[in-house]
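Chemist: coordinates only, sequence not included:
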């Protein structure tokens, strides 16, 4: 993990150096890196003995952002490849080939927006036994937003903006073993053992009113409500933390996955694997 943090620091230093001058008030290299690894997490496929992850990425940039990185594109690509490789190693993902990254200019994207298409491909050599077939790739659109502190964060575009890109709508849900609970409306949504909650978890280790999920700053946060056995985010206990698509949550001893994706009309969902829906 220390090595991955070191790469993050180097990526951030690029923001303050030549890359920073290119991306200032635009897209930061570290945001592209985080968007890329989010797609890696959400596109992973579990076999009997391995967890395979996407290894072939296309970064879609607006014309203005594409022109800004033109002089530094090769160096940025090398950093992103190293970042993705280290992320896969830390997550114990198996990549069928070393990461491949290319940049494309997308006319429909606005200044400060970018997309990441993640594919799982086997390359030209013989395919190992049990390996999944190549995937067509899923695309997620991100935008970089300035916060009051001057830092920037990456968020999925709104439903209205999704329509401008030819996308249907954004789907947000909590996926448990017994199905998916859509997070629709303004929220918040409570999680717990009691049937009075928006998300009911049938687990004696879960408190009657265990946690709460809320919208915040064009994203989502999860908050533990003083539960007996706690709430975990990616295996670590939390009180209140921001969550993003692909994050793993644990309520008591029940595992859940937070899904945030864009559904393409008549096509494959972007930014997350489809989950079985559950009526409420």
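Modeler: Thanks, I have it. This structure is a prediction, so every number in the text was calculated from the model and none was measured.

Chemist: from the recorded domain assignment, give the ranges for the chain.
Modeler: For the chain, the TED database gives the domain ranges 3-10+24-123+133-145, 168-263.

Chemist: mean pLDDT and mean neighbour count for the ones you listed - can I get that in a markdown table?
Modeler: (C-beta placed from N, C-alpha, C; glycine too.) Output for the domains of the chain, formatted as a markdown table (pLDDT from 0 to 100; neighbours: other C-beta atoms under 10 Å):
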| stretch | mean pLDDT | mean neighbour count |
| --- | --- | --- |
| domain 3-10+24-123+133-145 | 84 | 18 |
| domain 168-263 | 88 | 18 |
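
Chemist: neighbouring contacts of stretch 192-206?
Modeler: 174, 176, 178, 181, 189-191, 207-211, 213, 225, 227-229, 251-254, 256, 280 (C-beta atoms under 8 Å, 6 or more residues apart in numbering).

Chemist: again, 7 Å this time
Modeler: Contacts with stretch 192-206, where a contact means C-beta atoms under 7 Å, 6 or more residues apart in numbering, come from 174, 176, 181, 189-191, 207-210, 229, 251-254.

Chemist: now stretch 42-52
Modeler: Here stretch 42-52 makes contact (C-beta under 7 Å, 6+ apart) with 53-54, 92-94, 96, 118, 120, 130-132, 138, 245-246, 271-273.

Chemist: what do you get if the cut-off is 10 Å, keeping everything else the same?
Modeler: 53-55, 57, 88, 91-96, 117-120, 122, 128-133, 135, 137-138, 140, 244-247, 257, 259-261, 269-273 (C-beta atoms under 10 Å, 6 or more residues apart in numbering).

Chemist: quick one: terminal-to-terminal distance for stretch 58-72?
Modeler: 17 Å (C-alpha to C-alpha, to the nearest Å).

Chemist: which strands and helices sit next to the longest helix seen in the chain?
Modeler: The longest helix of the chain (DSSP state H) is helix 73-90. Helix 73-90 sits against helix 2-16, helix 18-23, helix 29-42, strand 56-61, helix 63-69, strand 100-105, with contacts defined as 3 or more C-beta pairs under 10 Å, 6 or more residues apart in numbering; DSSP states H and E.

Chemist: partner strands of the fourth one, with direction?
Modeler: Strand 56-61 has the following strand partners under DSSP bridges: strand 100-105 (parallel), strand 113-119 (antiparallel).

Chemist: figure out which of those strands is closest to residue 41.
Modeler: Evaluated with C-beta to C-beta, these place strand 113-119 nearest to residue 41, the distance being 9.5 Å.

Chemist: the closest one to helix 29-42, inter-axis angle?
Modeler: 40 degrees (axes from the mean of the first three to the mean of the last three C-alpha atoms, to 10 degrees).

Chemist: from the middle of its chain, how far away would strand 113-119 be?
Modeler: When C-alpha coordinates are averaged (C-alpha atoms, centre = their mean, to the nearest Å), strand 113-119 and its chain have centres 11 Å apart.

Chemist: run through the strands of the stretch 151-280 of the chain in chain order.
Modeler: 152-156, 169-176, 179-182, 189-192, 199-200, 211-216, 219-224, 231-233, 236-238, 240-243, 248-251, 254-263 (DSSP state E, counting those that start in this stretch).

Chemist: can I get those strands in JSON lines including distance to residue 38?
Modeler: Shown next, in JSON lines, are the strands of the stretch 151-280 of the chain (distance: least, C-beta to C-beta, whole Å):
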{"stretch": "strand 152-156", "distance to residue 38": "8"}
{"stretch": "strand 169-176", "distance to residue 38": "14"}
{"stretch": "strand 179-182", "distance to residue 38": "19"}
{"stretch": "strand 189-192", "distance to residue 38": "22"}
{"stretch": "strand 199-200", "distance to residue 38": "23"}
{"stretch": "strand 211-216", "distance to residue 38": "18"}
{"stretch": "strand 219-224", "distance to residue 38": "12"}
{"stretch": "strand 231-233", "distance to residue 38": "15"}
{"stretch": "strand 236-238", "distance to residue 38": "18"}
{"stretch": "strand 240-243", "distance to residue 38": "12"}
{"stretch": "strand 248-251", "distance to residue 38": "13"}
{"stretch": "strand 254-263", "distance to residue 38": "9"}
